[in-house]
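Chemist: what would the 3D arrangement of this be:
(one chain, ligands or ions: 4)
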Amino acid sequence: MLNPLSRRDAVKNAAKIGSAVALSNAISLPFSATAQAAPEKAVTNGGEIVRHSACLVNCGSRCALKVIVKDDRIVRIEPEDAIDDAVFGQHQIRPCLRGRSNRWRVYSPDRIKYPLRRVGKRGEGKFKRISWDEATAFIAAELKRVSERYGREAIYYNYQSGAYYHTQGSPAWKRLLNLTGGYLNYHNTYSTAQISTATPYTHGKYVGSHFTQIAHSDLVVFFGMNLSETRMSGGGQVEELRRALEASKARVIIIDPRYTDSVIAEHAEWLPIRPTTDAALVAGLAHTLISENLIDEALVNHYCVGFDRSTLPQNAAPNASYKDYVMGTGDDGVEKTPEWAAQITGIPATRIRQLAREIAAARACYIGQGWGPQRHANGEQTVRAIQTLPAITGHFGLPGTNNGNWPYGTPYGVPLLPIGTNPVKTSIPCYLWTDAILNPEKMTALTMGVRGAEKLNVGIKLLFNQAGNTLLNQHGEINRTRKILADEALCETIIVIENHMTPSAKYADLLLPETSYLEAEDLVDSSYAAGSHNYMIALQKTITPMWEVRSTYDICADIAGHLGLREQYTEGRTQAQWAEYHYQQVREKRPYLPQWSVAKNKGIIDQQIATERQSIAFIDFREDAAAHPLQTPSGKIEIYSQALADLARQWTLPQGDRIPAVPEFCVVRESHLNKALTAKYPLQLSGFHTKGHTHSTYTNVLALHEAVPDEVWINPVDASARQLSCGDIVHVFNDRGVVEIPCKVTNRILPGVVAMPQGAWTRLNNEGIDVGGCINTLTSHLPSPLAKGNPQHTNLVEIKRA
Ligand SMILES: Nc1nc2c(c(=O)[nH]1)N[C@H]1C(S)=C(S)[C@@H](COP(=O)(O)OP(=O)(O)OC[C@H]3O[C@@H](n4cnc5c(=O)[nH]c(N)nc54)[C@H](O)[C@@H]3O)O[C@H]1N2
Ligand SMILES: Nc1nc2c(c(=O)[nH]1)N[C@H]1C(S)=C(S)[C@@H](COP(=O)(O)OP(=O)(O)OC[C@H]3O[C@@H](n4cnc5c(=O)[nH]c(N)nc54)[C@H](O)[C@@H]3O)O[C@H]1N2
Ligand code: SF4
Ligand SMILES: [Mo]
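Modeler: Residues are numbered from 1 along each chain as shown. Ligands and ions are numbered 1, 2, ... in the order given. Here you go, the predicted structure:
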């Protein structure tokens, strides 16, 4: 658990003594900073009340919101007051433009107001109002019918990330489904499928150094990391990064096909790279490092397996090492010179040589990757290659360094509603749910990444989709998904629980309205991207829930009631009582916390900061690799993975897919290197996460659209070849569909590459063109080789004027 230590003091100590050893000796100092938010009180303007809530969307941050209410209407949303702490001094867990726009989400004309039953064809969006009793009785009956007819494996709870509640939402549904007999599980996420699956092979466990370490770095190298847009909270990682850079003045290099907001904000050098080619860049860097004797081979061989032949496992071919791959003595016989890498990546060979020398010469280089580089058809290889770079340059386990990953935050530790145990053990990769509807017989452990069983016994027949839009909008190849969902003989019943009439909601057979965050009561954690900072927030119902919207805790309790299980479901507690119960559990560990009656009106109740040692990935391993082995089979960093070599032999892979044991660069079908396909579709299209919305949440807030329009970025070279000017409406197309969207002609993107924000709501016109501008009309549903994850950034397209 957390050791409440002042970072500023630990940093000072470390700087003075200048070693990791000093950090290990840092003494815990008392640290406690409770938020200033006052209990509910009437404020100045006649009858205005201050209430406290939070933005529970999945951007990785968690901002508290001060909600100003008058006559049960939200009139304004403000940031909570500044907090003082020993690390940052005065700072604010400042919400971004999206959080501040929440009033428009709550009062949106798209709100679903009542329980609805489908009347038209599936997907048509025609519904009739029914009562809550009819709705909950219907679900209870469906649970019974489908389990009797097909078994519990036919029930699926779809991936979702719209609202990270603790006592309603996803844990409430999972608790109900477990209590009534279980459901088909999924593994992976749409966020991190490739990195979370590949990393254990190299590192054993996914960890990374907090950005606060950059206070000790002299060089920072980021691959596709765009914190200025993706981690925007004043209580989150972008704030930590800026403060750390202020302290160290480290030079920053950002490798990305786009000149991102982060390049601007961090005064970085931009190295534009072709999407999917980072592993080739790393091989080119390794070539210079090896040829110019810039690698401490004894050190690398002490900590790593398979860099050179001397540390290869017994079963490996003698020339299977990474060094053999790089120097051309491996199976492909190709030397990975900087010139070779330049052809693939688009980065000049001289710059690749220089970069290798700069990393080797740095005192403390922080190397990290965002999740964009891995959301590709060869993402697992990209991840492992980037992780190899700190390993072979010795920049890991020391102050100011990282291991190549993006760091999760340390959780504060607020419990979730207990979900119980799922009697069904079978699990599918979350990206393959459409295949589990369409071709369950093809879903096996050796072909499609099924876990917990050799194969699926039955397809998905009853699907729950709560606070998610991956039912249509956020999943690959929308036109294919539309057909699968429209066929009622495949998935027989679709239940959607939403705030708004989204593209996914229109495919519901039963559509239920949930409260928005601002109408809900909960006790929540600081989420996963708060960095070294963590805190706990109490949400109040800032207004009376409108129309007939309800909490999913109450909805699930009613469904349990229809099945005679209400008592088992609630254990005699209301949702508010569960929040209080969780608070008492936290308070047992943190006795300094105030009484619940005080805490529940405070908004941000408490905040803590991770210790310096907790912030350095692999610190123990670096100090003593034998005493603190990694969780890989060898206990070391596995540049060569025997486990992957074995798995590649056992699995049946689709033609063209490979799972190499070392981080080789693998060419993907949809890239600039496929000359057959680029003749038809010459542009590489990558998605990105825009500050204008969080996925598809907030996309229907018009004020945000004005501030940050959805446009496809195209380089002037490619635009002039197509006679396009900035603002022209274009068609972006491939064999999977056509998207209509304005273009932004800009030098901020590499020629040959185009980029589009993900999350726009799909909307087809009469000709089948997606005039909503959703990138997933163009993306593929085919998964990546190892994770069977979403390669939604890997696409070839052509663009023409609409
Ligand atoms: N504003 C906002 N914030 C968000 C979200 C949002 O939708 N909006 N979503 C949240 C969620 S759920 C997640 S998972 C994270 C996502 O965080 P990320 O996955 O890191 O975000 P992306 O924008 O997909 O990718 C980051 C960068 O990688 C670049 N990139 C793409 N392909 C490559 C490549 O092959 N090589 C290299 N070097 N760079 C590449 C992109 O251009 C982009 O600038 O963000 C979270 N934060
Ligand atoms: N092409 C492409 N596709 C992508 C990505 C990409 O980079 N490129 N990124 C992927 C990633 S990383 C992710 S995480 C997924 C995200 O995909 P999703 O997890 O589906 O996230 P959202 O699109 O934000 O949809 C969340 C839904 O929850 C609803 N919601 C919000 N609050 C509440 C609430 O309190 N109750 C209920 N019931 N509903 C609520 C919102 O209205 C919204 O419709 O998308 C993935 N799809
Ligand atoms: S979207 Fe993220 S950064 Fe913005 S207010 Fe919500 S939690 Fe904070
Ligand atoms: Mo995500």
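
Chemist: for ligand 3, give me its nearest residue in the protein.
Modeler: The minimum distance from the chain to ligand 3, using Cβ to the nearest ligand atom, falls at Gly99 (2.2 Å). Heads up, the C-betas are built off the backbone N, CA and C, glycines and all.

Chemist: measure that residue to Lys66 for me?
Modeler: 11 Å (Cβ to Cβ, to the nearest Å).

Chemist: likewise Arg175?
Modeler: According to Cβ to Cβ, Arg175 and Lys66 sit 31 Å apart.

Chemist: neighbour-wise, which of those two wins?
Modeler: Legend: neighbour count by other Cβ atoms under 10 Å for Arg175 and Lys66, higher for Arg175 (22 against 19).

Chemist: point out where this structure drops to low pLDDT.
Modeler: 1-44, 87 (pLDDT under 70).

Chemist: ok, 80 please
Modeler: Where the chain drops to pLDDT under 80, the residues are 1-45, 85-89.

Chemist: get me the contact residues on it for ligand 3.
Modeler: 55, 57, 59, 61-63, 95-96, 98-99, 232-233, 694 (Cβ under 6 Å from any ligand atom).

Chemist: reformat those as JSON lines; add distance to ligand 1.
Modeler: Converted to JSON lines, those look like this (distance: Cβ to the nearest ligand atom, whole Å):
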{"residue": "Cys55", "distance to ligand 1": "11"}
{"residue": "Val57", "distance to ligand 1": "8"}
{"residue": "Cys59", "distance to ligand 1": "4"}
{"residue": "Ser61", "distance to ligand 1": "8"}
{"residue": "Arg62", "distance to ligand 1": "12"}
{"residue": "Cys63", "distance to ligand 1": "12"}
{"residue": "Pro95", "distance to ligand 1": "12"}
{"residue": "Cys96", "distance to ligand 1": "7"}
{"residue": "Arg98", "distance to ligand 1": "7"}
{"residue": "Gly99", "distance to ligand 1": "11"}
{"residue": "Met232", "distance to ligand 1": "6"}
{"residue": "Ser233", "distance to ligand 1": "10"}
{"residue": "Thr694", "distance to ligand 1": "4"}
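
Chemist: ok, now which ones touch Ile295?
Modeler: Ile295 makes contacts with Leu289, Ala360, Ile392, Thr393, as judged by Cβ atoms under 8 Å, 6 or more residues apart in numbering.

Chemist: give the buried subset of those as a ChimeraX selection command.
Modeler: If you want just the buried ones from the contacts of Ile295 in ChimeraX, going by 16 or more other Cβ atoms under 10 Å, the selection is:
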select :289,360,392,393
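
Chemist: which strands and helices sit next to the lengthiest helix in the chain?
Modeler: Across the chain, the helix with the greatest residue count (assigned by DSSP state H) is helix 132-150. On a contact count with 3 or more Cβ pairs under 8 Å, 6 or more residues apart in numbering; DSSP states H and E, helix 132-150 meets strand 116-118, strand 155-157, strand 462-466, strand 493-498, strand 510-513, helix 552-562.

Chemist: a markdown table for the ones you listed, including distance to Lys600 and mean neighbour count?
Modeler: Shown next, in a markdown table, are the helices and strands packed on helix 132-150 (distance: least, Cβ to Cβ, whole Å; neighbours: other Cβ atoms under 10 Å):
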| stretch | distance to Lys600 | mean neighbour count |
| --- | --- | --- |
| strand 116-118 | 33 | 19 |
| strand 155-157 | 30 | 23 |
| strand 462-466 | 25 | 25 |
| strand 493-498 | 26 | 23 |
| strand 510-513 | 25 | 24 |
| helix 552-562 | 17 | 22 |
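
Chemist: one step back: tell me the two of the contacts of Ile295 that are most distant?
Modeler: Largest separation among these by Cβ to Cβ: Ala360 and Ile392, giving 9.5 Å.

Chemist: identify the contacts common to these two.
Modeler: Shared contacts of Ala360 and Ile392 (Cβ under 8 Å, 6+ apart): Leu289, Ile295.

Chemist: Ala676: how many residues sit nearby?
Modeler: 7.

Chemist: can you tell me the SS state at it?
Modeler: helix (DSSP: H, G, I helix; E, B strand; the rest coil).

Chemist: for Val754, see how far away it is.
Modeler: Relative to Val754, and taking Cβ to Cβ, Ala676 is found at 20 Å.

Chemist: then Phe222?
Modeler: Going from Phe222 to Val754 by Cβ to Cβ gives 22 Å.

Chemist: could you do Gly656 as well?
Modeler: According to Cβ to Cβ, Gly656 stands 24 Å off from Val754.

Chemist: can you map out the strands along the stretch 151-300 of the chain?
Modeler: Secondary structure of the stretch 151-300 of the chain (DSSP state E, counting those that start in this stretch): strands located at 155-157, 185-187, 219-223, 251-255, 269-271.

Chemist: what about stretch 552-559, distance to the chain center?
Modeler: 28 Å (Cα atoms, centre = their mean, to the nearest Å).

Chemist: is that stretch in proximity to ligand 2?
Modeler: No. Using Cβ under 6 Å from any ligand atom, stretch 552-559 stays clear of ligand 2, with a minimum separation of 6.8 Å.

Chemist: what helix or strand does the residue lying closest to Glu664 once chain neighbours are set aside sit in?
Modeler: Excluding its sequence neighbours, the residue lying closest to Glu664 (Cβ to Cβ, 6 or more residues apart in numbering) is Tyr325, at 5.8 Å. Element membership for Tyr325 (DSSP states H and E) is helix 322-327.

Chemist: what is the subsequent helix or strand relative to that helix?
Modeler: As assigned by DSSP H and E, the chain's next helix or strand after helix 322-327 is helix 338-345.

Chemist: mind listing residues that contact that next one?
Modeler: For helix 338-345, contacts defined as Cβ under 8 Å, 6+ apart pick out 273-274, 277-278, 280-281, 283-285, 287-288, 334, 347-350, 352-353, 356, 665, 673.

Chemist: looking at this, Gly99 is in a helix?
Modeler: Yes. Per three-state DSSP, Gly99 lies within a helix segment.

Chemist: so which of the residues of the chain next to ligand 3 is the closest to ligand 2?
Modeler: Thr694 (5.6 Å).

Chemist: that closest one against Arg98, yeah?
Modeler: Yes. If you go by Cβ atoms under 8 Å, Thr694 and Arg98 touch, sitting 6.0 Å apart.

Chemist: on that earlier part again, overlap in contacts, Gly99 and Lys66.
Modeler: Shared contacts of Gly99 and Lys66, defined by Cβ under 8 Å, 6+ apart, are found at Ile77.

Chemist: circling back to that earlier point, for the contacts of Ile295, could you give me TSV that also reports distance to ligand 2?
Modeler: Shown next, in TSV, are the contacts of Ile295 (distance: Cβ to the nearest ligand atom, whole Å):
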residue	distance to ligand 2
Leu289	32
Ala360	33
Ile392	30
Thr393	30
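
Chemist: how about the residues of the stretch 51-200 of the chain that lie near ligand 2?
Modeler: Contact residues (Cβ under 6 Å from any ligand atom) of the stretch 51-200 of the chain with ligand 2: Asn58, Gln160, Ser161, Gly162, Ala163, Tyr190, Ser191.

Chemist: could you rerun that using 8 Å?
Modeler: By Cβ under 8 Å from any ligand atom, the residues of the stretch 51-200 of the chain that approach ligand 2 are 56-58, 105, 159-163, 165, 168-169, 189-192.

Chemist: rewinding a little: what about the residue of the chain closest to ligand 3, neighbour count?
Modeler: Gly99: 27 surrounding residues under other Cβ under 10 Å.

Chemist: now do Tyr303
Modeler: By other Cβ under 10 Å, the residues close to Tyr303 number 22.
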